[in-house]
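> Okay, predicted coordinates and the sequence, questions at the end:
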Amino acid sequence: GADTDLLTLQEIGELDGKARGRGKATTVSSMRTYLYNGLLAKADRTPGDGLEPAVDEPMWFRSTAYRFIRRPGQLGGVRT
């Protein structure tokens, strides 16, 4: 997909789970913890931000999500 594609926490968790070879997604709860701890950047888009297309939940550009998925110290990783 394009770097500007928008992803939800759940979708980022699915990519993260695959990158780690777990066969299951990283939970949304865990993703929120990563966000809180600063491992995942703040959302690129939020509801009511006035940009188009409007979003119903916080969303991240694919490029932002991949920086999280490829974070240092992680074994494996997504290759594009």
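Looks like it arrived, so ask away. Owing to the predicted nature of the structure, the values given are computational and were not obtained by experimental measurement.
> from here on, contacts and neighbour counts on C-alpha atoms
Fine.
> where exactly do the strands run in this protein?
6-7, 60-61 (DSSP state E).
> Mean pLDDT and distance to residue 33 for these - can I get that in CSV?
Converted to CSV, the strands of the chain look like this (pLDDT from 0 to 100; distance: least, C-alpha to C-alpha, whole Å):
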stretch, mean pLDDT, distance to residue 33
strand 6-7, 97, 17
strand 60-61, 96, 16
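> any chance of those in JSON lines, plus distance to residue 19?
Shown next, in JSON lines, are those (distance: least, C-alpha to C-alpha, whole Å):
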{"stretch": "strand 6-7", "distance to residue 19": "16"}
{"stretch": "strand 60-61", "distance to residue 19": "17"}
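> got a markdown table for those, with distance to residue 38 and mean neighbour count too?
Converted to a markdown table, the strands of the chain look like this (distance: least, C-alpha to C-alpha, whole Å; neighbours: other C-alpha atoms under 10 Å):
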| stretch | distance to residue 38 | mean neighbour count |
| --- | --- | --- |
| strand 6-7 | 18 | 21 |
| strand 60-61 | 14 | 21 |
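> so which of the ones you listed gets nearest residue 43?
Nearest of these to residue 43, taken as C-alpha to C-alpha: strand 60-61 at 5.1 Å.
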